[in-house]
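what shape does this take:
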Amino acid sequence: MRKRTKTLEYQAIKDISACFSITLLCEIAGVSRSGYYRWLKNGKNLSKKQAENQALQKKIIEIFHQYRGIFGYRRMTVWLRKILKKPINDKRTYRLMKVLGIQAKIRKKRIFYGKKEACVVSGNHLNREFQATRPNEKWVTDVTYLPFNQKRLYLSVIYDLYNNEVVSYKLSRYNDFQLVRDTLKAAIQKRKVKGTLLHSDQGVTYTSRAYHHLLAKYQMRVSMSRKGNCLDNACIESFFGHLKSECFYLLKFNQASEVEQAIDEYIHFYNTARYQKKLKNLSPIQFRRKAM
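Numbers count the residues shown, from 1 in each chain. Purely as a prediction, here's the structure:
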């Protein structure tokens, strides 16, 4: 096993030796210069397996940089399988990424300081049952803020629990009823919503009469989290976490238009190309279309 790993390390050194000194690369990889040069002398012809690994390494680097380093070895394996159209083992991808010295940018854990309240607010019909059996059965919604250049934008999202798809979203300078209303109307224009359960927290906008009248108008059912308990809406919190760690925090923004473009591009990527194991390695839209 160690011999095979060293071979991969030597090959990685060779691939990037034009950019860095051999001494530095050997030190980083934890191998000796003499061992590298001996391998170089004796290994003029790569074996079939070595050639495959070399090709995989190049593809891994390409995908890794294309998507700003957000893929760990499991999601990288899914992408390699889809692009190369052949079976690739998770362990092999992990080993190659380890040799290359690359890993996904880890999302920081959010520390929750809210109160653990025993009472449950009436109307928590979702009740942390985050699984849905069909599209438009259960939606969740929330608003998060995106600070940039001493300013901020608010992002409102409606998310379908059936296939983890962003049904609609809107950006605004103001966290008000208009933002929530516009997000809901955009979703209603796309989907049949009669009987759809829409879950939110107990924010001021979601507890307003205008919001409840709007849902009643379209015959939608209302569900709300318990006060101060973000875990009741964990799915939308998780999505916001991915969006920020895989997109927003990786970029620097000066103008609101730059934020808007980045969010547009990320949500398009999330819906169409961010393959998920729990969706049978399909993207949200692919999973929904396959079910129809």
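
give the contact list for residue 93.
56, 60, 73, 74, 76, 77, 80 (C-beta atoms under 8 Å, 6 or more residues apart in numbering). Every C-beta, even on glycine, is put in place using the N, C-alpha and C of the backbone.

quick one, helices of the chain?
Using DSSP state H, the helices of the chain run over residues 2-16, 22-29, 33-42, 48-66, 73-84, 90-100, 177-190, 209-217, 234-246, 256-273, 284-291.

could those go into TSV alongside distance to residue 226 and mean pLDDT?
Below are those laid out as TSV (distance: least, C-beta to C-beta, whole Å; pLDDT from 0 to 100):
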stretch	distance to residue 226	mean pLDDT
helix 2-16	50	71
helix 22-29	50	79
helix 33-42	60	83
helix 48-66	40	83
helix 73-84	33	87
helix 90-100	38	86
helix 177-190	20	96
helix 209-217	18	90
helix 234-246	12	91
helix 256-273	28	97
helix 284-291	27	92
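
and these: which comes nearest residue 161?
Comparison of the helices of the chain against residue 161 by C-beta to C-beta identifies helix 234-246 as nearest, at 6.1 Å.

tell me what the closest one is packed against?
Helix 234-246 sits against strand 138-148, strand 151-160, helix 256-273, with contacts defined as 3 or more C-beta pairs under 8 Å, 6 or more residues apart in numbering; DSSP states H and E.

quick check: closest non-adjacent residue to residue 215.
Nearest in space to residue 215, with sequence neighbours left out and distances taken as C-beta to C-beta, 6 or more residues apart in numbering, is residue 222 at 5.5 Å.

so that neighbour sits against residue 207, correct?
No - using C-beta atoms under 8 Å, residue 222 is not in contact with residue 207, being 10.1 Å away.

burial of residue 132, as a residue count?
Neighbourhood size, residue 132 [other C-beta atoms under 10 Å]: 15.

that one against residue 138, yeah?
Yes - at 4.4 Å, residue 132 and residue 138 qualify as touching, with contact defined as C-beta under 8 Å.

and for the two, which residues touch both?
Common neighbours of residue 132 and residue 138 (C-beta under 8 Å, 6+ apart) are 160, 161, 162.

neighbour-wise, give me the winner out of these.
residue 160 leads the shared contacts of residue 132 and residue 138 on contacts (other C-beta under 10 Å) with 24 neighbours.
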